[in-house]
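Trainee: Everything below, folded, please.
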Amino acid sequence: MRRRQFVSLLGGAALVPITTLPVYPDPPDDSGIPAARDDGWPVAAVNEDKLVDSAALRRMADRLAAPGTANVHGILVARSGRLVFERYFKGTDEINNRQVENVTFDADTLHNVKSVSKSVASLAVGIAIDRGIIGGVNEPIFSFFPELADLRSPEKEGIRLSHLLTMSLGLKWVEAIPSNEDDNDEVRMHTAPDPCRYVLSLPVTALPGREFFYNTGALTLLSAIMRKSTGRPLDEFAREALFEPMGITRLAWARVKGDSDAGGGLRLRPRDMAKIGQLVLAGGRWNGRQIVSKAWIDASMTPQLKATGPFFYGYLWWLGRTQINGREVHWVGALGRGGQSIRIVPELDLVVVVTAGYYQDYSPQAFQLQYGVFRDVLRAISPTG
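Mentor: Got it, this is the predicted structure:
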């Protein structure tokens with residue numbers, strides 16, 4: 001089966017309205033200095049971290065803020081468990097699939113994270129397995145869907161929960177991208193009377209677990225499995241088990257036909273995206289509390305399957321490497337269409353969050369700019385050893 005290009009992998013789904021949020025003072029002069037807030041994040045004093053070139057980060061942000069240069073909405077950098085850089089911009093956003101001009105983003109703007117939602121869903125699945133609610137990643141998919149027994153076949157019987165987590169179901173799938181508009185399996189799935197039946201009725205193209213092929217339909221199945229197993233929609237379970245213990249209280253997660261849109265319906269504040277990254281970096285802990293087991297984090301961050309190009313895939317997390325300043329840096333990422341990303345760099349004790357508005361722009365220039373922000377951050381961080 002021919003693999004898609006990486007630039008076509010970051011699909012999303014429906015959005016939800018933004019609610020009114022409290023207003024906090026921003027640091028002066030667009031300095032990039034994070035403001036101290038009552039949200040659980042310690043902030044570094046100016047130039048406290050000698051391994052971070054704050055001036056280089058400010059110059060990068062100033063370039064991005066120039067009119068007509070970019071549509072980046074926010075950049076956050078955390079190192080050694082502290083926020084060291086935070087900057088927001090004006091740009092064009094998409095809300096409820098409509099373009100919205102001249103949005104001024106700030107620390108309290110809920111942002112559409114698109115397919116970053118998938119990686120967050122993986123954490124919730126891990127908690128359900130930790131609690132014994134789900135038996136494990138080897139559970140057969142059809143054991144959760146007895147009502148779909150008529151779709152069983154010798155080839156499909158082998159689909160396990162692990163194959164949803166690694167995008168290796170072996171089913172034919174056309175992901176939504178700007179060039180195919182309404183002619184794709186995502187749209188057909190969301191409009192089908194039974195989205196799970198739609199996904200599991202697709203023809204087999206490979207044995208399960210053999211080949212990576214990006215498939216947002218896997219997340220529709222996963223969301224239904226979480227509801228069936230926990231007795232609650234995925235978003236409600238995640239709020240109790242993941243978000244609230246981390247002090248993440250303002251979020252929105254869209255639903256499709258009653259199930260949480262685990263493939264791309266989550267909206268978070270960038271600081272809370274950074275919390276997710278820090279949780280992963282700390283082996284499932286946030287501020288000293290174990291939220292997700294280290295065993296699940298380790299399994300999720302282990303290359304489970306060769307993905308597209310130079311990338312590997314864990315349990316709904318991307319694994320990549322970047323050549324920078326004469327060295328190879330390995331990272332783990334939650335990546336979403338339009339330029340949304342949480343990247344974790346364990347060797348630098350680093351978390352980098354970027355939000356942007358390139359939802360309908362799949363040009364090489366747009367992707368180079370988005371990835372370039374991460375590379376510029378890496379250039380500003382000195383090796384720790």
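
Trainee: Need the residue closest to the centroid of this structure.
Mentor: Nearest to the geometric centre of the chain sits Val116, at 1.5 Å (CA atoms, centre = their mean).

Trainee: What residues does that residue make contact with?
Mentor: Val116 makes contact with 266, 268, 273, 334-336, 340-342, according to CB atoms under 8 Å, 6 or more residues apart in numbering. For the C-beta atoms, the positions are set from N, CA and C on the backbone; glycine is no exception.

Trainee: Among these, which are located in strands?
Mentor: If you go by DSSP state E, the contacts of Val116 have 266, 268, 334-336, 340-342 in strands.

Trainee: Quick check: phi and psi on Ile297?
Mentor: phi -60, psi -50 (degrees, to the nearest 10).

Trainee: Tell me where the stretch 1-150 of the chain has helices.
Mentor: 54-65, 116-130 (DSSP state H, counting those that start in this stretch).

Trainee: closest to Pro208 out of those?
Mentor: Among the helices of the stretch 1-150 of the chain, helix 116-130 comes nearest to Pro208, with 17.4 Å by CB to CB.

Trainee: what about the helices in the stretch 251-385 of the chain?
Mentor: Using DSSP H, counting those that start in this stretch, helices in the stretch 251-385 of the chain cover 270-281, 294-300, 364-379.

Trainee: Pick the most buried one from these.
Mentor: Scoring these by mean neighbour count under mean count of other CB atoms under 10 Å gives helix 270-281 as the most buried, with a mean of 24.

Trainee: Read off the pLDDT value for the nearest residue to Leu110 once chain neighbours are set aside.
Mentor: Once flanking residues are discounted, Leu110 sits nearest to Arg267: 4.2 Å by CB to CB, 6 or more residues apart in numbering. Looking at Arg267, its pLDDT is 97.

Trainee: Please apply the same query to Leu15.
Mentor: 31.

Trainee: just the helices of the stretch 1-150 of the chain: most buried one?
Mentor: Of the helices of the stretch 1-150 of the chain, helix 116-130 is the most buried (mean count of other CB under 10 Å), at a mean of 25.

Trainee: Report all helices and strands that the helix or strand just after that helix contacts.
Mentor: Per DSSP states H and E, the first helix or strand lying C-terminal to helix 116-130 is helix 161-165. Under the contact definition 3 or more CB pairs under 8 Å, 6 or more residues apart in numbering; DSSP states H and E, helix 161-165 sits against helix 116-130, helix 217-230.

Trainee: Reformat these as TSV; add mean pLDDT and distance to Asp39.
Mentor: Below are the helices and strands packed on helix 161-165 laid out as TSV (pLDDT from 0 to 100; distance: least, CB to CB, whole Å):
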stretch	mean pLDDT	distance to Asp39
helix 116-130	98	18
helix 217-230	98	27
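
Trainee: As JSON lines, the ones you listed with distance to Glu94 would be great.
Mentor: Shown next, in JSON lines, are the helices and strands packed on helix 161-165 (distance: least, CB to CB, whole Å):
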{"stretch": "helix 116-130", "distance to Glu94": "15"}
{"stretch": "helix 217-230", "distance to Glu94": "20"}
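
Trainee: Give me the neighbour count for Phe243.
Mentor: 22 (other CB atoms under 10 Å).

Trainee: That one reaches Thr249, doesn't it?
Mentor: Yes: counting by CB atoms under 8 Å, Thr249 is a contact partner of Phe243 at 7.4 Å.

Trainee: Which one, of the helices of the stretch 251-385 of the chain, ends up nearest to Ser122?
Mentor: Of all those, the one in closest proximity to Ser122, counting by CB to CB, is helix 294-300 (5.8 Å).

Trainee: Cheers, nothing more for now.
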